[in-house]
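>>> Predicted model and sequence follow; I will ask about them next.
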There are 2 protein chains.
Amino acid sequence: MKLQQLRYLCEVVRHDLNLSKAAMTLHASQPGVSKQLLQLEDELGLRLFVRSGKRFSGLTEPGKAVLAIAQRITSDATDLKSLAAEYRDDGTGALTVATTHTQARYALPDVILRFTRKYPRIRLSLRQGSPAQIVDQVIKGQADLCIATEVHDADHQLVMLPCYEWNRCVIAPRGHPLLANPRLTLEELAAHPIITYDFAFTGRSTMNKAFEQRGLTPDVVLTAIDADVIKTYVALGLGVGIIARMAFDTDRDQNLGAVDASHLFEPSVTRIGIRRRAFVRKFTYEFIEMFAPRLTRAVIEEALESSPAG
Amino acid sequence: MKLQQLRYLCEVVRHDLNLSKAAMTLHASQPGVSKQLLQLEDELGLRLFVRSGKRFSGLTEPGKAVLAIAQRITSDATDLKSLAAEYRDDGTGALTVATTHTQARYALPDVILRFTRKYPRIRLSLRQGSPAQIVDQVIKGQADLCIATEVHDADHQLVMLPCYEWNRCVIAPRGHPLLANPRLTLEELAAHPIITYDFAFTGRSTMNKAFEQRGLTPDVVLTAIDADVIKTYVALGLGVGIIARMAFDTDRDQNLGAVDASHLFEPSVTRIGIRRRAFVRKFTYEFIEMFAPRLTRAVIEEALESSPAG
DNA sequence: CACCGTTACGGTATCCGTAAGGATT
DNA sequence: AATCCTTACGGATACCGTAACGGTG
């Protein structure tokens, strides 16, 4: 049994059981991958893949169990390598941040600018996705950390670090009556068609709760993943928008106006998620601290060592 | 980086950094092990071992960190193999139980007899040690489970399953005045020299607490790891013994007498410890259930999945 | 001198890529 | 016809054991 065979297994699963595609990203020939997997099956003495003719159509029951452990081993192996890189301290490495559009667009640019200046040789990459997707990426070791607001880590596989609280504002085309209102109410807001975030994203559930508690049913005519799309449709007059305050920029969004709505909704909390037991490199600690100054290395280490309960 | 290199690393550390001895148990030549370790160091780009001349004298700081991950990986790898064996269901396998003398001598014989009858092809082995040692063995994957009374699993790396409660009796040479007493008191007991378990073992702290609460200082003249040694010295007249009730056998210990002492001390709880996230084979579940009928497969699985808190 | 880790060397097994083969969509 | 996994084959590589080497207690 070799590490590479386990890596192959994970990668093939990640590519929807397509050997050829997996071989590409593994920088290996497709027969090579095939052979190693057959060899692994042979050594373990069981079939991992369900074959339909000459095609993989799924994992067998044992295959799923083996995959789970294989993923743990390969992610540990990657950790080991980056741990070594850390001690070598050669200033190279990679940091992959999985996040949502909102963070990538409004919260991260400043941090990323500072980070890449300080660590020009670290390859930094962003992966966008839904909260569920980005959590998954971190669990599978495809990303080092995730940053988002509505993240559910069912199995406590991640450590969630609160970064900052934020709230919403209401946006509308310039001259819209709502904008004249110094202190908006939920009732007034509910009287207009609303455009806001997609349900799976960025604090949408907090918003719904507020309306529900007042017995109101907001008329959500359109939902989108990101504030830019929302602004576009608000500008077209389809409705008023509810977005994160940080997503409104007086300079850029001159065709729109905004009023504060933080008295209407519970604040939401944006968090960073890290895989439990992951090896965290020095520059990763610094990245986190740049994003949320409260999260110093000591604070993060304590959180990582704490028990998953809670 | 290969799995075998990590295995070599772990094994060498386990053998006090002696390459030659490690090579023996690894069924490999000593130069072979040396070369693989050098290769690992080379690939990681750092020294893992501190060399004093031509001898290993310790692990470097990075070496310790690498070792920790290497141990996780190798134990996962063993899990993976036994998982495969389980699905193959070929009825073979191995079960290593780390335990203290008391359990091995008095609680386990019956269970082991039943187990080996039911699974003649499973290689069952016992490893004796102090509570600290056997916990360590399970954490390092050298044993599948540990059974003991005073076990401290500081990092919640193990799941501790309560098996049964037990209490003590006082033993003395036949005709000793204490034996005539129908209901012993701590004061009477404290008037005699006492022989009992070593501090690190089997419920000794429970005993101390009872004396302390009454403001008594027992005169412990001798401590031992096992009840057999205690009995020997009690028979020689060096003092009275306090041992687990199950350790006294009316038939075998005809030169001694015993009186119940369960009203004097808090009961102690014997527990089974399993590594969290370990793959547990069917016959292991059965072994545990044979030892503690309350611990059915369902109960154990639930405990294994629960959060480490508490 | 005994012990220990490293280096040298040769045989063998393993791995990998190219090319070709059957099967499915 | 295109895609996909497996088999066949040849070359390069890596691994492993024996033997020899250089320090150390």
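The structure has been received and is ready for your questions.
>>> Could you measure from the closest residue to A:Arg297 other than its chain neighbours over to B:Glu86?
Closest residue to A:Arg297 in three dimensions, ignoring its sequence neighbours and counting by C-beta to C-beta, 6 or more residues apart in numbering or on different chains: A:Tyr285, at 4.5 Å. For every residue, glycine as well, the C-beta is placed using N, CA and C. As defined by C-beta to C-beta, to the nearest Å, A:Tyr285 lies at a distance of 40 Å from B:Glu86.
>>> same deal with A:Ile230?
Distance, A:Ile230 to B:Glu86, using C-beta to C-beta: 52 Å.
>>> again with A:Leu304
32 Å.
>>> higher neighbour count, those two?
Set A:Leu304 next to B:Glu86 and count neighbours by other C-beta atoms under 10 Å in any protein chain shown: B:Glu86 wins out with 19 against 15.
>>> residues contacting that one?
Contact partners of B:Glu86, counting by C-beta atoms under 8 Å, 6 or more residues apart in numbering or on different chains, are B:Gly93, B:Phe279, B:Arg281, B:Lys282.
>>> of those residues, list those near DNA strand D.
Near DNA strand D, judged by C-beta under 7 Å from any atom of the strand, there are no entries from the contacts of B:Glu86.
>>> These in helices, which ones?
Among those, the members found in helices (DSSP state H) are B:Lys282.
>>> wait, which of the contacts of B:Glu86 is closest to A:Phe115?
Closest approach between the contacts of B:Glu86 and A:Phe115, by C-beta to C-beta: B:Phe279, at 40.0 Å.
>>> pretty sure that closest one is in contact with B:Asp79, am I right?
Yes. Look at B:Phe279 against B:Asp79 with C-beta atoms under 8 Å: they come within range, at 4.1 Å.
>>> shared neighbours, those two?
Shared contacts of B:Phe279 and B:Asp79, counting by C-beta under 8 Å, 6+ apart, come down to A:Ile69.
>>> wait, is A:Leu108 part of a helix?
Yes. A:Leu108: assigned to a helix according to DSSP: H, G, I helix; E, B strand; the rest coil.
>>> Might you name the residue of the stretch 101-250 of chain A sitting closest to DNA strand D?
Minimum separation of the stretch 101-250 of chain A from DNA strand D (C-beta to the nearest atom of the strand) falls at A:Lys140, amounting to 20.1 Å.
>>> Just give the closest residue to that residue, not the sequence neighbours.
Closest residue in space to A:Lys140, ignoring its immediate chain neighbours: A:Gln71 at 6.5 Å, by C-beta to C-beta, 6+ apart.
>>> Next to DNA strand C, which bits of chain A? Give me the list.
Near DNA strand C, when you scan chain A using C-beta under 7 Å from any atom of the strand, you find A:2, A:4, A:27-32, A:35-36, A:39, A:52-55.
>>> among those residues, which are in strands?
Among the residues of chain A next to DNA strand C, DSSP state E puts A:Ser52, A:Arg55 in strands.
>>> out of the residues of chain A next to DNA strand C, which touch chain B?
A:Lys2 (C-beta under 8 Å from any C-beta of the partner chain).
>>> Among the residues of chain A next to DNA strand C, name the buried ones.
Neighbour-count burial (16 or more other C-beta atoms under 10 Å in any protein chain shown) is assigned, among the residues of chain A next to DNA strand C, to A:Gln4, A:Gln36.
>>> Show me which of the residues of chain A next to DNA strand C is closest to B:Leu67.
Looking across those and measuring by C-beta to C-beta, the closest to B:Leu67 is A:Lys2, at 20.5 Å.
>>> now the angle between helix B:61-88 and the lengthiest helix in chain A, please.
For chain A, the helix with the greatest residue count under DSSP H is helix A:61-88. Put simply, helix A:61-88 runs at 180 degrees to helix B:61-88, going by axes from the mean of the first three to the mean of the last three C-alpha atoms, to 10 degrees.
>>> Helix A:61-88 vs DNA strand D: in contact?
No. Interface with DNA strand D: helix A:61-88 contributes nothing (C-beta under 7 Å from any atom of the strand), its closest point being 12.6 Å away.
>>> Tell me the predicted confidence for A:Glu86.
A:Glu86 carries a pLDDT value of 86.
>>> just checking, A:Ala77 touches B:Ile73?
Yes. Between A:Ala77 and B:Ile73 a contact is recorded at 6.5 Å, counting by C-beta under 8 Å.
>>> out of these two, which sits in the more crowded spot?
B:Ile73 (24 against 20).
>>> What sits closest to the more buried one if chain neighbours are left out?
A:Asp76 (5.0 Å).
>>> That neighbour: how many residues sit nearby?
A:Asp76: 23 neighbours (other C-beta under 10 Å).
>>> check contacts around it.
Going by C-beta under 8 Å, 6+ apart, A:Asp76 touches B:Ile69, B:Arg72, B:Ile73, B:Asp76.
>>> Could you check how far the last one is from B:His27?
The spacing between B:Asp76 and B:His27, counted by C-beta to C-beta, is 21 Å.
>>> The residue in the stretch 201-310 of chain A positioned nearest to DNA strand D - nearest residue in space that isn't next to it in sequence?
Here the residue of the stretch 201-310 of chain A nearest DNA strand D is A:Phe279; by C-beta to the nearest atom of the strand that distance is 23.6 Å. Spatial nearest neighbour of A:Phe279, excluding adjacent residues (C-beta to C-beta, 6+ apart): A:Asp79 at 4.1 Å.
>>> what do you get for A:Arg114?
Using C-beta to C-beta, 6+ apart and skipping residues adjacent in sequence, the residue nearest A:Arg114 is A:Met290, 5.7 Å away.
>>> On the three-state scheme, the one you found is what?
Note that with three-state DSSP, the state of A:Met290 is helix.
>>> A:Asp90 versus that one, what's the distance?
Per C-beta to C-beta, A:Met290 is found 22 Å from A:Asp90.
>>> out of these two, which sits in the more crowded spot?
Ranked by neighbour count (other C-beta under 10 Å), A:Met290 and A:Asp90 place A:Met290 first, with 17 against 10.
>>> measure A:Phe283 to DNA strand C for me?
31 Å (C-beta to the nearest atom of the strand, to the nearest Å).
>>> Settle this for me: that residue is touching A:Thr92, isn't it.
No. A:Phe283 lies out of contact with A:Thr92 (C-beta under 8 Å); the separation is 10.1 Å.
>>> Between these two, which contacts overlap?
Taking C-beta under 8 Å, 6+ apart as the criterion, A:Phe283 and A:Thr92 both touch A:Ile122.
>>> More neighbours: which of those two?
Using other C-beta under 10 Å, the more surrounded residue of A:Phe283 and A:Thr92 is A:Phe283, with 19 against 11.
>>> For the more buried one, list the residues it contacts.
When contacts are counted by C-beta under 8 Å, 6+ apart, A:Phe283 touches A:Gly93, A:Leu95, A:Phe115, A:Tyr119, A:Ile122.
>>> The first one reaches A:Ala84, doesn't it?
No. If you go by C-beta under 8 Å, A:Gly93 and A:Ala84 don't touch, sitting 10.8 Å apart.
>>> Where does the prediction get shaky in chain A?
A:154, A:202-203, A:307-310 (pLDDT under 70).
>>> Which parts of it are strands?
Here chain A has its strands, by DSSP E, at A:49-52, A:55-59, A:93-99, A:122-128, A:145-148, A:158-166, A:168-173, A:193-197, A:219-224, A:240-244, A:256-260, A:268-275.
>>> now the ones you listed in CSV, with distance to A:Leu108?
What follows is the strands of chain A, written out as CSV (distance: least, C-beta to C-beta, whole Å):
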stretch, distance to A:Leu108
strand A:49-52, 39
strand A:55-59, 36
strand A:93-99, 7
strand A:122-128, 7
strand A:145-148, 7
strand A:158-166, 11
strand A:168-173, 19
strand A:193-197, 17
strand A:219-224, 19
strand A:240-244, 13
strand A:256-260, 21
strand A:268-275, 11
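>>> Look up phi and psi at the residue of chain A found nearest DNA strand C.
Chain A approaches DNA strand C most closely through A:Gly53 (2.2 Å), counting by C-beta to the nearest atom of the strand. Main-chain dihedrals, A:Gly53, degrees, to the nearest 10: phi 60, psi -120.
>>> I'm done for today, thanks for sticking with me.
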